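**Q** Generate coordinates for the sequence data below:
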Amino acid sequence: MTTRYESAVDVDALVAIDTHVHIEVDDHGHSSLPADLQEAASKYFKADGPRPDLHSIAEYYRERRMAAVVFTVDAETNLGEPPISSAGIAAGAARHNDVLIPYGSVDPHRPDAVDRIRALAEVSGVRGFKFHPTVQGFDPSEERWYPLYAAIQDAGLPALFHTGQTGIGAGLPGGRGLRLALSNPMLLDGVAADFPDLRIVMAHPSVPWQDEALSVATHKHNTWIDLSGWSPKYFPESLVRAANSYLKDRVLFGSDFPLLTPDRWMRDAEGVALKPEVMPGILTGNAIRLLGL
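**A** Numbers count the residues shown, from 1 in each chain. So this is what the prediction gives:
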């Protein structure tokens, strides 16, 4: 019988909710990325440490009084690598439901992608979905993907999209064929327009398209921005200004663990001009609303 995830997160006890945490190995040691991409990403991020499993991640965040949104990326068609099971991640999160919140990931190219989305939402109880257009090799603005977004919208769940450049494939010949332009946040503008009830999260400072991300978020109030993947000391000034003011209710703390740790993010954020009065929303309040916790 499939274990369905039900959250037991005590939001009042949390220091933060990390909305961007990768599960990169499963219980059997299988990785979500081919070996050459793992090595290139580690070199790019200068992160040579071990890739913790789900249980270890739960303990790590429990020690810090944080909750973590956890997911993998199913990119089997584009990378030729069998994915980590999103249903397995949801089942593991159910065993650690005081600190873990699972998202699902479905390769858009799968002929049964919509059915997989529905099963992950209805049977496994995932609380959102993760897409990485560059790694999965799809243009998110194309209407052929709209049935996927409709299924997620019908389930009342958010959709998290990688935006901006990526360390995946960086330094390999031709970037291993991965196309950065697929992760331009402006490609999500039409999706946000056509699915007004779909909560879309644009992950990361969207370098080199930060202004595009801020423009989409300003115009489409069903869009959000997470602050993962970059140390806060490197945040573009325009992003800090938006987080302090007109987007303060739709900006989310995220680390990109294990490639960037929440410890480093929090430490480096102390030197950034993020206003103290907006930090409770960034660290917990906005994610509580997004996730319906």
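**Q** residue boundaries of the helices in the stretch 51-200 of the chain?
**A** Using DSSP state H, counting those that start in this stretch, the helices of the stretch 51-200 of the chain run over residues 54-63, 76-79, 86-95, 113-119, 133-136, 146-155, 189-194.
**Q** Quick check: residue 104 touching residue 73?
**A** No - using Cβ atoms under 8 Å, residue 104 makes no contact with residue 73, being 10.7 Å away. In short, each C-beta sits where N, CA and C put it, glycine included.
**Q** In the stretch 101-250 of the chain, mark out all the strands, start to finish.
**A** 129-131, 159-162, 200-203, 223-226 (DSSP state E, counting those that start in this stretch).
**Q** And the worst-scoring helix or strand of the chain on mean pLDDT, what does it pack against?
**A** One helix or strand of the chain scores below all others by mean pLDDT, DSSP states H and E: helix 35-45, with a mean of 76. The criterion is 3 or more Cβ pairs under 8 Å, 6 or more residues apart in numbering; DSSP states H and E, and there are no helices or strands that helix 35-45 contacts.
**Q** and residue 158, how many neighbours?
**A** Neighbour count for residue 158, taken as other Cβ atoms under 10 Å: 23.
**Q** Overlap of the contact sets of residue 104 and residue 73?
**A** residue 130 (Cβ atoms under 8 Å, 6 or more residues apart in numbering).
**Q** who's more crowded, the two?
**A** residue 104 (27 against 24).
**Q** who's that one bridged to?
**A** residue 129 (DSSP bridges).
**Q** Against residue 42, how distant is it?
**A** Distance of residue 104 to residue 42, given as Cβ to Cβ, to the nearest Å: 26 Å.
**Q** cool, residue 34 as well?
**A** With distances taken as Cβ to Cβ, residue 34 is found 13 Å from residue 42.
**Q** coming back round to it: so can I have JSON lines of the strands of the stretch 101-250 of the chain showing mean pLDDT and distance to residue 258?
**A** Below are the strands of the stretch 101-250 of the chain laid out as JSON lines (pLDDT from 0 to 100; distance: least, Cβ to Cβ, whole Å):
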{"stretch": "strand 129-131", "mean pLDDT": "98", "distance to residue 258": "16"}
{"stretch": "strand 159-162", "mean pLDDT": "98", "distance to residue 258": "16"}
{"stretch": "strand 200-203", "mean pLDDT": "98", "distance to residue 258": "16"}
{"stretch": "strand 223-226", "mean pLDDT": "98", "distance to residue 258": "16"}
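**Q** can I get the ones you listed in JSON lines with distance to residue 94 and mean neighbour count?
**A** Output for those, formatted as JSON lines (distance: least, Cβ to Cβ, whole Å; neighbours: other Cβ atoms under 10 Å):
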{"stretch": "strand 129-131", "distance to residue 94": "17", "mean neighbour count": "26"}
{"stretch": "strand 159-162", "distance to residue 94": "20", "mean neighbour count": "24"}
{"stretch": "strand 200-203", "distance to residue 94": "23", "mean neighbour count": "26"}
{"stretch": "strand 223-226", "distance to residue 94": "24", "mean neighbour count": "25"}
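**Q** ok, back up a step: so for residue 227, which of the helices of the stretch 51-200 of the chain sits nearest?
**A** Residue 227 sits nearest to helix 54-63 of all those, at 17.1 Å, using Cβ to Cβ.
**Q** Show me what counts as buried in the closest one.
**A** 54, 57, 58, 60, 61 (16 or more other Cβ atoms under 10 Å).
**Q** Excluding sequence neighbours, find me the nearest residue to the third one.
**A** Right, the one you point to is residue 58. Using Cβ to Cβ, 6 or more residues apart in numbering and skipping the chain neighbours, the partner closest in space to residue 58 is residue 96 (3.7 Å).
**Q** Could you tell me how many residues sit around the one you found?
**A** 22.
**Q** State the pLDDT value of it.
**A** Residue 96 is assigned a predicted lDDT (pLDDT) of 98.
**Q** That one and residue 56 touch, don't they?
**A** No - in this structure, residue 96 is not within contact of residue 56 by Cβ under 8 Å, at 10.5 Å.
**Q** Just to check, residue 32 is in contact with residue 86?
**A** No - counting by Cβ under 8 Å, residue 32 sits too far from residue 86 to count as a contact (10.5 Å).
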